[in-house]
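In: Generate coordinates for the sequence data below:
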Amino acid sequence: MIGLVAVPAFSTTAAANSPGSRPAWKQELFATPGPLDPSEQGNQAPFGDGSGLHVGANVRVNAPQKPAPDGFLGRSETTIAVADDGLHMVAGWNDAQGFCGPPFGAACTPQTPSGLSGYGFSADGGATWTDGGAPDPALGFASVGFPVFTRGDPWLAADADGHTFLYANLAVRGDTGEDLGVSVHRGAFARGSFSWQDVRVFNSPNGANDFYDKEAIATDSEDAANAVVSLTNFQALCGIAQNGFGQIEVWRTRDGGNTWLGPAIAGPEQADSVANCGNAGTLQQSSVPVFGPNGEVFVTWQVGPTFSLDGVPSTNAAIFAARSLNGGKTFGAPVKVADINSMRQDSPVGYNRARINDHPRIAVLTGGDHDGRVLVAFPSANAPTSSPGTAQNLVSVNLFLSFSDDGGATWSKPKPIAGSVPANGVKRFWPVVTVSPGDASVNVVYYESLEQAVPGAPACNIAIGGGLRRVGPAHSLVNTMLVRSKDGGRTFGDPVTVSSVTSDWCAGTTNIRPNFGDYIGATTVGTTTFAVWADSRETILIGGTPRNVVDVFFAPVGEGQ
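Out: The predicted model follows:
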């Protein structure tokens, strides 16, 4: 979720998910921080290549940003959905402007409509974009009787007809700030413009005893009535509210998002978490669902690290997946896809949080020689990495892909998707795997960060929360990349650079944590992959000084564009 810290008179219902009985290390797992204090700010055209892929122009999606008191800076954690025509598309992101005014109360100018999940739309294939603000909270009056205010973790999907766009988010009541769990807005294009038409909400049957986080939505490409949302439930254990380490749950709709049924459990709370009443245990987080060709539902997520009673995390984790044969109503036992070295303690040096998620992504091939093949992409550090505290950790991270040809029962040996990396200095992370129904290709969009010193630049000096700063000579020089496979994910071509400008994450000015979000977005329609990511190439004046800001950028990647 999006978070801000240290603004006077700022409050959120996140206090409910960080009760006083919880130790500080446990609160850090999923408590919402607030707007950054000024002292915590950072210190600082189409092309192609030999791969045969061509990258379209990089286009900023969101409107120009303004600093306080006119607004808050930060647009990140991106998602995108595209209609079958490849022209009509909607992008979403965490939007710092949503902290301005009620219900969160930060002293800056609210946008209209307001929310922590912004969106933009394009009707010309992404050549131009309109920033729509956030889905209007007032839409909630017609469906649930009160305003529904989005609070981040945005995730978009288009239905099988390509006419209706579904936007899943965490949500609170706009008038009281009460946690609502998950909201799903439905919207459509008309005469070249886009609008949201209604919203539905659902929450744990246990109410405030549980806490929903990191939802993701998927639609059935064969049936516009079907969609699912997977999420993490930090549930009550041993009578202690919201003290679990995460249970992966799934909600489903069979009427196009009008009503939602659930929850079904895809990944039960780990046994050690239950045995220790949630005071120690194994984290489960960052789930993503997808439909198979026959209406099956697959979900993948990270399992681990494991936390001891003193809050020290292990260095290992794993990627798991589970399958449903009845549209998400029930799930079989989870199956391990791969063991990994967790990158939780190995974040890029320019990332303004002390930890980062091992966020896998999933897709299913349809048609061709590998019809029904399930693919999971995920990161793994080169070596087990312990928390460096405020030190810079330069251990490299690589990306891997594993696939299953038997419905998720067994998985192939993971293989790197973009070649090897050195022991230190390169981090590849947040892969988004998508497939082309047109040519059965597999596409992976990801971040690649060169963690290295910049001649003549000051030290990277990043506030990571709790009054701590990560300081050192290395900077995070980040590009958005893509690799494509023509053989079902067995081998990949040379990486293509999607971003036309490198972002120095140490120089991005933002009011939010995490500064570049928790994931990026991509989808493939026909043979074109459409990517959206957070990017700090542009500058604004703050007190007369040019400062880089974190915006949302878009580009298409295809053959012969």
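In: Is Leu375 bridged to anything, and to what?
Out: Following DSSP bridges, Leu375 is listed with bridge partners Ala363, Phe403.
In: So for it, what's the pLDDT?
Out: Model confidence at Leu375, given as pLDDT, is 98.
In: quick one: contacts for it?
Out: Contacts here follow Cβ atoms under 8 Å, 6 or more residues apart in numbering; on that basis Leu375 touches 362-365, 401-403, 433, 435, 442, 489. To be clear about C-beta, it is placed using only N, CA and C from the backbone, and glycine gets the same treatment.
In: ok, now how distant is it from Ile362?
Out: Per Cβ to Cβ, to the nearest Å, Leu375 is found 7 Å from Ile362.
In: what sits in contact with each of those two?
Out: Taking Cβ under 8 Å, 6+ apart as the contact rule, Leu375 and Ile362 both touch Val433.
In: ok so, going back, which of the contacts of Leu375 ranks first by neighbour count?
Out: Each of the contacts of Leu375 was scored for neighbours by other Cβ atoms under 10 Å, and Val433 scores highest at 30 neighbours.
In: from what I can see it touches Ser441, true?
Out: No. Here Val433 does not reach Ser441: they are 11.1 Å apart, not a contact under Cβ atoms under 8 Å.
In: what are the ranges of the strands in the stretch 251-400 of the chain?
Out: Here the stretch 251-400 of the chain has its strands, by DSSP state E, counting those that start in this stretch, at 261-267, 281-291, 297-307, 316-324, 335-341, 361-364, 374-381, 397-404.
In: Tell me which of the ones you listed sits nearest to Val274.
Out: strand 281-291 (7.6 Å; Cβ to Cβ).
In: tilt between the closest one and strand 316-324?
Out: 40 degrees (axes from the mean of the first three to the mean of the last three Cα atoms, to 10 degrees).
In: quick check: mean pLDDT across strand 281-291?
Out: Across strand 281-291, pLDDT averages out at 98.
In: now stretch 307-325
Out: For stretch 307-325, the per-residue pLDDT averages 96.
In: List the buried residues for that stretch?
Out: By 16 or more other Cβ atoms under 10 Å, the buried positions in stretch 307-325 come out as 307, 313-324.
In: now swap in stretch 375-389 and tell me
Out: 375-382, 385, 388.
In: okay, that stretch in CSV with CA atoms only?
Out: Extracted in CSV, the C-alpha atoms of stretch 375-389 (Å, rounded to 0.1, in the frame of the first residue of the first chain):
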residue,chain,number,x,y,z
LEU,A,375,4.4,-19.4,-16.4
VAL,A,376,5.7,-17.7,-13.2
ALA,A,377,8.4,-15.1,-13.2
PHE,A,378,10.2,-14.0,-10.0
PRO,A,379,13.4,-12.5,-8.6
SER,A,380,16.1,-14.1,-6.5
ALA,A,381,19.2,-12.6,-5.0
ASN,A,382,22.6,-14.0,-6.1
ALA,A,383,23.4,-14.9,-2.5
PRO,A,384,21.5,-15.0,0.8
THR,A,385,21.3,-11.4,2.0
SER,A,386,20.9,-10.3,5.6
SER,A,387,19.6,-6.9,6.6
PRO,A,388,22.4,-4.3,6.1
GLY,A,389,20.6,-1.8,8.4
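In: Make 701 the first number, not 1, from now on.
Out: With the count now opening at 701, the last piece we talked about shows up as stretch 1075-1089.
In: Could you dump the strands of the stretch 951-1100 of the chain into a markdown table and include distance to Cys1206?
Out: As requested, these are arranged in a markdown table below (distance: least, Cβ to Cβ, whole Å):
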| stretch | distance to Cys1206 |
| --- | --- |
| strand 961-967 | 36 |
| strand 981-991 | 25 |
| strand 997-1007 | 26 |
| strand 1016-1024 | 27 |
| strand 1035-1041 | 24 |
| strand 1061-1064 | 26 |
| strand 1074-1081 | 21 |
| strand 1097-1104 | 18 |
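In: just so I know, which of those lies nearest Trp1233?
Out: strand 1061-1064 (14.0 Å).
In: Need the contact partners of that closest one.
Out: So strand 1061-1064 is contacted by 988-993, 998-1000, 1021, 1072-1078, 1131-1135, 1142 (Cβ under 8 Å, 6+ apart).
In: Between the buried residues of stretch 1075-1089, which has the least confident prediction?
Out: Pro1088 (80).
In: coming back round to it: dump the buried residues of stretch 1007-1025 into JSON lines; add distance to Leu1094 as well.
Out: Shown next, in JSON lines, are the buried residues of stretch 1007-1025 (distance: Cβ to Cβ, whole Å):
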{"residue": "Phe1007", "distance to Leu1094": "24"}
{"residue": "Pro1013", "distance to Leu1094": "19"}
{"residue": "Ser1014", "distance to Leu1094": "21"}
{"residue": "Thr1015", "distance to Leu1094": "16"}
{"residue": "Asn1016", "distance to Leu1094": "20"}
{"residue": "Ala1017", "distance to Leu1094": "20"}
{"residue": "Ala1018", "distance to Leu1094": "24"}
{"residue": "Ile1019", "distance to Leu1094": "24"}
{"residue": "Phe1020", "distance to Leu1094": "29"}
{"residue": "Ala1021", "distance to Leu1094": "31"}
{"residue": "Ala1022", "distance to Leu1094": "35"}
{"residue": "Arg1023", "distance to Leu1094": "38"}
{"residue": "Ser1024", "distance to Leu1094": "41"}
